[in-house]
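S.K.: just to be clear, the model below is a prediction. Sequence and coordinates:
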Amino acid sequence: MMMVLRRLLRKRWVLGVVFGLSLIYFLTSTLKQEERTIRDRTLLQVRDPDHRIPWKVRFNLGNSSRQMTQCRNSIQGKSLLTDELGYVCERKDLLVNGCCNVNAPNSRQHICKSCLANGCCSIYEYCVSCCLQPDKQLLLERFLNRAAEGFQNLFTAVEDHFELCLAKCRTSSQSVQHENTYRNPQAKFCYGESPPELLPV
């Protein structure tokens with residue numbers, strides 16, 4: 001069997017067929033990759049500079065003391081959480097419906113503790129709570145309308161004010177310098193338009 005295979009591979013026409021099939025495979029793979037690249041690039045381009053991105057964000061400007069049957073919250077905090085009404089509470093004060101217990105002594109709504117004037121905070125949960133203040137709507141809408149092309153796919157997936165604040169407060173490439181150090185390690189969670197101020201080393 002091995003002798004037959006060796007003889008077959010020595011024939012030029014067999015090598016030509018193998019080479020031809022390999023070349024066809026390479027060309028089709030390259031063309032498909034180029035099509036994907038062009039399609040992705042087209043998705044990121046804004047066709048008209050005056051065209052506004054159709055953001056789906058709905059801002060909650062109503063009375064936030066209304067009763068909710070279920071709340072979403074920031075989930076990730078080890079000791080603190082922020083619910084979608086803007087309350088920050090300790091994990092032990094979280095109700096079974098996901099909302100903070102507003103009667104708990106440490107629960108506060110729209111608290112900007114640890115946040116600087118530029119909208120950068122040292123604690124993620126306070127960043128989200130401060131971002132949820134109704135008066136931040138204009139700032140956030142301005143950000144959404146001017147969002148860099150690279151962020152469009154991320155922020156178009158946002159459904160409402162709470163999700164926008166969760167996404168905006170997470171650290172991003174704007175929070176770091178040289179890809180490995182925070183611009184300001186004390187205030188790295190930002191909802192504002194500007195990146196954190198660069199602290200001297």
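M.R.: Ah, there it is.
S.K.: CA atoms for contacts and neighbours, from now on please.
M.R.: Will do.
S.K.: what's the burial count for residue 176?
M.R.: For residue 176, the neighbour count with other Cα atoms under 10 Å is 18.
S.K.: got it, and residue 17?
M.R.: Residues within reach of residue 17, counting by other Cα under 10 Å, total 11.
S.K.: that one and residue 27, how far apart?
M.R.: Between residue 17 and residue 27 the distance is 15 Å, computed by Cα to Cα, to the nearest Å.
S.K.: also residue 13?
M.R.: To residue 27, residue 13 is 21 Å away according to Cα to Cα.
S.K.: which residue packs closest to residue 87, ignoring adjacent ones?
M.R.: Spatially, and ignoring its direct neighbours in sequence, residue 87 is nearest to residue 109 (4.0 Å; Cα to Cα, 6 or more residues apart in numbering).
S.K.: any idea of the pLDDT on that neighbour?
M.R.: Residue 109 carries a pLDDT score of 93 in this model.
S.K.: residue contacts, it?
M.R.: With contact taken as Cα atoms under 8 Å, 6 or more residues apart in numbering, residue 109 is in contact with 85-88, 129.
S.K.: please repeat the previous calculation with a cut-off of 10 Å.
M.R.: Under the criterion of Cα atoms under 10 Å, 6 or more residues apart in numbering, the contact partners of residue 109 comprise 64-65, 82-83, 85-89, 100, 102, 126, 129-130, 132-133.
S.K.: low-confidence ranges, this protein, go.
M.R.: 5, 8-9, 35-68, 147-157, 171-174, 178-180, 196, 199-201 (pLDDT under 70).
S.K.: which stretches in it count as helices?
M.R.: 2-10, 12-44, 124-131, 137-145, 149-156, 161-169 (DSSP state H).
S.K.: switch these over to JSON lines; also include distance to residue 176.
M.R.: Formatted as JSON lines, the entries for these read as follows, by distance: least, Cα to Cα, whole Å:
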{"stretch": "helix 2-10", "distance to residue 176": "57"}
{"stretch": "helix 12-44", "distance to residue 176": "23"}
{"stretch": "helix 124-131", "distance to residue 176": "16"}
{"stretch": "helix 137-145", "distance to residue 176": "19"}
{"stretch": "helix 149-156", "distance to residue 176": "16"}
{"stretch": "helix 161-169", "distance to residue 176": "14"}
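S.K.: I'd like to know which of these is closest to residue 195.
M.R.: Using Cα to Cα as the criterion, the shortest distance between residue 195 and the helices of the chain is 11.1 Å, found for helix 161-169.
S.K.: which strands or helices does that closest one pack on?
M.R.: Here helix 161-169 touches helix 124-131, helix 137-145, helix 149-156, strand 189-190, going by 3 or more Cα pairs under 10 Å, 6 or more residues apart in numbering; DSSP states H and E.
S.K.: the first one packs against which elements?
M.R.: Right, helix 124-131. In this structure, helix 124-131 makes packing contacts with strand 80-82, strand 87-90, strand 108-109, strand 120-121, helix 137-145, helix 161-169, strand 189-190, judged by 3+ Cα pairs under 10 Å, 6+ apart.
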